[in-house]
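> Generate a structure from the sequence data that follows.
(4 chains)
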2 protein chains.
Amino acid sequence: MTRRTFHRAPEGERRQELIEATLDCIAEFGLKGATVRQIAIRAGVTAGLVRHYFESKDQMVAEAYRAVIASLTEQAQNVEGDPATRLREFIAVNFTEPVADSRSVSLWAAFISQVRVDPILAEIHREGYLAFRNTLQELLSEFLAAKGRRASEEECRRYAIAINGLVDGLWVEGCLAGDLFRDGELVSIAMASVEAVLGLPIEN
Amino acid sequence: MTRRTFHRAPEGERRQELIEATLDCIAEFGLKGATVRQIAIRAGVTAGLVRHYFESKDQMVAEAYRAVIASLTEQAQNVEGDPATRLREFIAVNFTEPVADSRSVSLWAAFISQVRVDPILAEIHREGYLAFRNTLQELLSEFLAAKGRRASEEECRRYAIAINGLVDGLWVEGCLAGDLFRDGELVSIAMASVEAVLGLPIEN
DNA sequence: GAAGTTATTATACGCTTGAATAATATCGGC
DNA sequence: GCCGATATTATTCAAGCGTATAATAACTTC
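Predicted structure coming up:
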């Protein structure tokens, strides 16, 4: 009986691999198909190792959720340029890979569906949503100011809620059934709608 | 050992009860918590009965998904009155119980998360989405006509996509974290945004 | 290069799962 | 009021689940 060879992964790296494998499995087989064994296979290790890095499978899944939210949010926060460009980029990013991807929306939905069950996931979701929306609100505030339009914080909040909803809704459908839309159609619809909501063109 | 008493349910009724119990369990415990045994307990029967009514648990879950989509859609299709009233109602319904409910969005998300895994669910989702969007497109077409505005089918399609996205996105967030919004705020934001997108007030 | 540390494997355990089967209670037709 | 049909229960099964434990291989340190 020869024992399988292995190498020790550098600090923290294995954790990351396990989280990534967890997400792969959830996206591919669903939450209930993402078993410890499947995840281990995907990560190229044996199942026992999971409990060496995480207190429980549930804890690992929660951390994986954090990673998803972070990756969905970070893309949107790293836009640069003048306010109009940044707003345009912020919207466009959501209809471009890697955000616009059926894997992303599957993961998002899988976790959303657990928000009611698991208060920890609910909290993570809430933080992620608010971070995203507040980034957008800030962006809108600057954009409107640059356009010379006075807008109260309350107004910006309402705009942010609306545009966040719009972008999220289109994102979901685009990811789930991209073939129902023409190339670039969703981003074009999103832009036009945002302009209409704000009553301003998003040009420089 | 005394055997548990029972009564034979009338034609079709038991099926409906089992589907309803399935949805209860999915909403309460998540997809993986919705086991045959839990569902049976919820329905007040024993586990074996499931296989008497359905070929498999998966098939029962798929039928349950159909029921969810139907209930989400039917509310929106039963609006009456002149075009403006119907459009207003169509939007409002999505922010009123029973559609606006964390149970609904949990179920929706649970199934969405499986769309990638199960082609049958993907098909059901697609049909539901298109039915919803086409209803909305029809509504918009009539509304614009009543307002005396000429709009091509293509224009109406784009409006329908946008407004559907907007409503869906707001619906999700409202259901998941209703406490982040004031009473009636979401429906008010939705109405205002739709009016802005269409460039018309939604009054009679 | 030997000793100590620990990341990793291997194996086993108790439980739960969806499904199959056999026994039985209920009901409609006569 | 019995009888056949079948809806329902009770029980069993193999497979898979998350986790615990012990052996071991790979690095670190001196």
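
> Just give the nearest non-adjacent residue to the residue nearest the centre of chain A, would you?
Nearest to the geometric centre of chain A sits residue A:72, at 2.5 Å (CA atoms, centre = their mean). What sits nearest to residue A:72 in space, not counting adjacent residues and going by CB to CB, 6 or more residues apart in numbering or on different chains, is residue A:99, at 6.1 Å. Backbone N, C-alpha and C define where each C-beta goes, glycine included.

> ok, back up a step: so what does the residue nearest to the centre of chain A look like in phi/psi?
Backbone dihedrals for residue A:72, given as degrees, to the nearest 10, come out at phi -70, psi -30.

> which residues touch it?
With contact set as CB atoms under 8 Å, 6 or more residues apart in numbering or on different chains, residue A:72 has these partners: A:99, A:104, A:108, A:128, A:132.

> now swap in residue A:39 and tell me
Neighbouring residues of residue A:39 by CB under 8 Å, 6+ apart: A:18, A:21, A:22, A:25, A:50, A:60.

> Tell me how far the residue in chain A positioned nearest to DNA strand C lies from chain B.
Nearest to DNA strand C, among the residues of chain A, is residue A:48, at 2.6 Å (CB to the nearest atom of the strand). When distance is defined by CB to the nearest CB, to the nearest Å, residue A:48 is 22 Å away from chain B.

> Let me know whether residue A:186 touches residue A:170 as I believe.
Yes: using CB atoms under 8 Å, residue A:186 is in contact with residue A:170, at 5.2 Å.

> Lowest mean pLDDT among the helices and strands, pick that one out for chain A.
Every helix and strand of chain A was ranked by mean pLDDT, DSSP states H and E. The lowest is helix A:57-77, at a mean of 92.

> what about that helix, near DNA strand C?
No: using CB under 7 Å from any atom of the strand, helix A:57-77 never reaches DNA strand C; the gap is at least 12.1 Å.

> so where do the helices sit in chain A?
Assigned by DSSP state H, chain A shows helices spanning A:13-29, A:36-43, A:50-53, A:57-77, A:83-93, A:102-112, A:119-146, A:153-176, A:185-198.

> Nearest to residue B:76 among those would be which one?
Smallest distance to residue B:76 across these (CB to CB): 14.6 Å, for helix A:153-176.

> Mind listing what's buried along stretch A:131-142?
By 16 or more other CB atoms under 10 Å in any protein chain shown, the buried positions in stretch A:131-142 come out as A:131, A:132, A:133, A:135, A:136, A:137, A:139, A:140, A:141, A:142.

> Tell me which of the helices of chain A is the most buried.
Mean neighbour count (mean count of other CB atoms under 10 Å in any protein chain shown) peaks for helix A:102-112 among the helices of chain A, with a mean of 23.

> if we can go back for a sec, could you list which of the contacts of residue A:39 also contact DNA strand D?
Within the contacts of residue A:39, those near DNA strand D by CB under 7 Å from any atom of the strand are residue A:50.

> Among the contacts of residue A:39, which one lies nearest to DNA strand D?
Closest to DNA strand D, out of all of these and judged by CB to the nearest atom of the strand, is residue A:50, at 6.4 Å.

> and that closest one, what is it in contact with?
Residues in contact with residue A:50 (CB under 8 Å, 6+ apart) are A:18, A:36, A:39, A:40, A:57, A:60.

> Would you confirm that residue A:45 contacts residue A:6?
Yes: between residue A:45 and residue A:6 there is a contact under CB under 8 Å: 7.5 Å.

> neighbour-wise, which of those two wins?
residue A:45 (20 against 10; other CB atoms under 10 Å in any protein chain shown).

> Quick check: phi and psi at that one.
Torsion angles, degrees, to the nearest 10, at residue A:45: phi -130, psi -180.

> gap between it and residue A:114?
For residue A:45, the distance to residue A:114 (CB to CB, to the nearest Å) stands at 25 Å.

> Kindly report the same for residue A:128.
14 Å.

> and what of residue A:28?
Distance from residue A:28 to residue A:114, counting by CB to CB: 18 Å.

> Repeat that for residue A:51.
21 Å.

> now swap in residue A:188 and tell me
Distance from residue A:188 to residue A:114, counting by CB to CB: 34 Å.

> can you check residue A:155 too?
34 Å.

> what's the closest non-adjacent residue to residue A:70?
In this structure, residue A:70 finds its nearest non-sequential neighbour in residue A:128, 7.9 Å apart by CB to CB, 6+ apart.

> Could you do residue A:68 as well?
Nearest one to residue A:68, counting by CB to CB, 6+ apart, is residue A:107 at 4.9 Å.

> and residue A:68, what does it touch?
A:23, A:104, A:107, A:108, A:111.

> check contacts around residue A:180.
Neighbouring residues of residue A:180 by CB under 8 Å, 6+ apart: A:173, B:126, B:129, B:130.

> How about residue A:25?
Residue A:25 makes contacts with A:33, A:34, A:35, A:38, A:39, A:42, as judged by CB under 8 Å, 6+ apart.
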